[in-house]
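Trainee: got a structure for you, letters missing:
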């Protein structure tokens, strides 16, 4: 007889399977088992407070280029120091413009694109701008004003390389190496002193523009500058410093000397080394 044809009282009892455990749900820093019973409603988990969305990112605006305008004196020659003419000058948008006056700004006398130009301080108040359009020298009313003009122009252009360091220079008369403080200025003038103080007395100088420069092949820490009169030898502290100085001196030596500042060996006082 089939089991389902038996009376209910005679049917065998079948063991009921226990309910499967519910998964553990994290509540804060603890875990708790949710127990469910058909007759009881499911326990609701507490909702976490809504997080405040992060503030909207605002990119930093680009730094604008500096600008400057005002009156400067323009040299009538490329060397400066002969004749000067007052001009109204402005530096903005990567360009150097000068006019006959502020009222005549609509008619620019000249415009220099500063991207590939070189700027340097030729003297205390004179600013020199070398570009593909030629060389122009301007003079400010004071050293402080010339420095401000130089800083703005340099932001748009390139700066002429200069350098300072301690080295050992071969004395022309004693034939021995002596400690000297070496300075290469923006006009290509290489000078040396016994001290690095501002009021140190200059012991000598040469104009390296148009002259030859090289490194001693047998002693890689020795820089040579060859003029028409003699060879100057400077010993640096290591090969890296010698290589750096060779780079900046070579940059000047491949350029023609400025007429007013070109210096020959005879200009140095006898006995100064």
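Mentor: Nice, thanks for sending it over. Owing to the predicted nature of the structure, the values given are computational and were not obtained by experimental measurement.
Trainee: leaving aside the residues next to it on the chain, what's closest to residue 219?
Mentor: With Cβ to Cβ, 6 or more residues apart in numbering as the criterion, residue 219 has its nearest non-adjacent residue at 7.8 Å, and that residue is residue 235. Every C-beta, even on glycine, is put in place using the N, C-alpha and C of the backbone.
Trainee: That should have said residue 225, apologies.
Mentor: With Cβ to Cβ, 6+ apart as the criterion, residue 225 has its nearest non-adjacent residue at 4.4 Å, and that residue is residue 232.
Trainee: How confident was the prediction at the one you found?
Mentor: Looking at residue 232, its pLDDT is 95.
Trainee: what does residue 135 give?
Mentor: Model confidence at residue 135 (pLDDT) stands at 87.
Trainee: Any stretches of the stretch 151-273 of the chain with poor pLDDT?
Mentor: 257-273 (pLDDT under 70).
Trainee: so where do the strands sit in it?
Mentor: 158-159, 163-170, 177-184, 189-193, 202-207, 212-215, 222-226, 231-235 (DSSP state E, counting those that start in this stretch).
Trainee: How much space separates the residue nearest to residue 225 from residue 201?
Mentor: According to Cβ to Cβ, to the nearest Å, residue 232 and residue 201 sit 19 Å apart.
Trainee: Comparing these two, which residue is more hemmed in?
Mentor: Between residue 232 and residue 201, counting by other Cβ atoms under 10 Å, residue 232 is the more crowded of the two (21 against 9).
Trainee: Which of the three states applies to residue 54?
Mentor: Taken by DSSP: H, G, I helix; E, B strand; the rest coil, the conformation at residue 54 corresponds to coil.
Trainee: That one: what's it in contact with?
Mentor: For residue 54, the contact set (Cβ atoms under 8 Å, 6 or more residues apart in numbering) is empty.
Trainee: now do residue 177
Mentor: 168, 169, 170, 171, 233, 235.
Trainee: Where neighbours are concerned, which of those has the most?
Mentor: Result: residue 169 is most packed of the contacts of residue 177 (other Cβ under 10 Å), 21 neighbours.
Trainee: Touching, that residue and residue 178? I think so.
Mentor: Yes: Residue 169 is in contact with residue 178 according to Cβ atoms under 8 Å; the separation is 6.1 Å.
Trainee: Next, the contact list for the most centrally placed residue in the chain, please.
Mentor: Closest residue to the average C-alpha location of the chain: residue 155 at 9.6 Å, with Cα atoms, centre = their mean. Contacts for residue 155 (Cβ under 8 Å, 6+ apart) come out as 65, 66.
Trainee: ok, it to residue 169 distance?
Mentor: 35 Å.
Trainee: now residue 54
Mentor: Counting by Cβ to Cβ, the gap from residue 54 to residue 169 is 62 Å.
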